[in-house]
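> Compute the structure for the input listed below.
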Amino acid sequence: MSDDEQQQAVENGEDDSEQQEELDEEPAYKQVADFGWSDNGPEEARLVTPCGISVSQKGDVFVADFGDGKVKVYTKDGEFQRDISHKSEKLENFYPGDVVVSADDESIYVLGAGNFDDADNNAIVKFTYDGEAEKEIISEKLKGAISLAVNSRGLLFAVDRNRRRVIVLDQEGKFIRAIGSRGCDLGKFDTPMYLRFTRRDFLIVTDIANRIQVFDPEGSVVRLIQHVPGPTGVSVDMDDQIIVGGAGIRVLTMKGETVGIIGNRHDGPTTRGIAASKIDDVNYVFAVCCKCSLPEGLKSYVAVYQYDSEKLKQQPKIIDN
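So this is what the prediction gives:
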């Protein structure tokens, strides 16, 4: 480009260097939406006590709203679509605590309680993608279960908070095995919270005692990640990075190295369920912010972030005390 052409481009606001500078200034992450506010918007779209969250390959967002007794379905931009509820002869009521969309988008698995004030009376209900109930799994083994994950073989994994372990059931509800027990040693849990699978069926389990453990497909612990502040909800993105909630949202490698932080880790939202998804080649994180875990006066909602892993790596390194 000649000097005259360059000058004309500047006058027309088309300067390449300015455009490049604007691109370079794109942040490592940004919040692009929030929805489901408990005190705002259409009544049917409001979240009361949201806990778990999952995103389908189609980009639909499923939120388990324990307080309202429904799974609520939104677009990635927060537009309310529908809700899923359940009642039967065996389950007169059903309050969802966690939700998982199968990898093929054919089934929705929901862990919930049969009584609002008795989270020990739990069941798993399998729905079609459109919300038609197909199967109820009611088992004594689910007593105290708070979160759910499903591996590629269709086995159901649930965090048993009472016994400090993860239980494994088949599709009929038959007990297969337990992973872990109460304790602080490798492979044991102090206060397990949420769990999710990698694409290779490695199981990630958060423990509020500032640590995360990784188990292989056979249930043997292969890694302990320590010094993660109060980890709660967890997900795994398409780059096999661990996305974990707590005070802010932390992105980790599978080795436990911190890639970066999304949001302010000191005054950002205290998250519960987390779902990572790649939609149209953009990395998204959907974070459940529940009023039951937030400072008084704040409301329940879902925060939506976009992030760039390479730019996150360029942020100042995080040093945890």
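
> Nearest residue to the residue positioned nearest the centre of the chain in space, please, no chain neighbours.
Nearest to the geometric centre of the chain sits Ile274, at 1.9 Å (CA atoms, centre = their mean). Excluding the flanking residues, the one nearest Ile274 by CB to CB, 6 or more residues apart in numbering is Gly233, at 3.6 Å. C-betas here are computed from N, CA, C, even on glycine.

> There's contact between that neighbour and Val244 in this structure, I believe.
Yes. Using CB atoms under 8 Å, Gly233 makes contact with Val244 at a distance of 7.1 Å.

> Just say helix, strand or coil for Ser235.
strand (DSSP: H, G, I helix; E, B strand; the rest coil).

> distance of it from Gly67?
Per CB to CB, to the nearest Å, Ser235 is found 22 Å from Gly67.

> same check, this time on Asp237
Taken as CB to CB, the span from Asp237 to Gly67 is 28 Å.

> cool, Asp77 as well?
Distance, Asp77 to Gly67, using CB to CB: 23 Å.

> can you check Lys143 too?
21 Å.

> Comparing those two, which residue is more hemmed in?
Gly67 (19 against 16; other CB atoms under 10 Å).

> Give me the phi and psi for the more buried one.
The phi/psi pair for Gly67 (degrees, to the nearest 10) reads phi -60, psi -30.

> now do Leu142
Main-chain torsions, Leu142, degrees, to the nearest 10: phi -90, psi 0.

> Looks like it contacts Ala113 (just checking).
No. Applying CB under 8 Å as the test, Leu142 and Ala113 come out as separate, 9.5 Å apart.

> any residues in contact with both of the two?
Asn122, Ala123 (CB atoms under 8 Å, 6 or more residues apart in numbering).

> sorry, back to before: tell me the phi and psi of the residue nearest to Ile274?
The phi/psi pair for Gly233 (degrees, to the nearest 10) reads phi -60, psi 150.

> contacting residues around it?
Taking CB under 8 Å, 6+ apart, we find Gly233 in contact with 52-53, 193-194, 206, 244-245, 271-274, 287-288.

> Having no further points to raise, I will conclude here.
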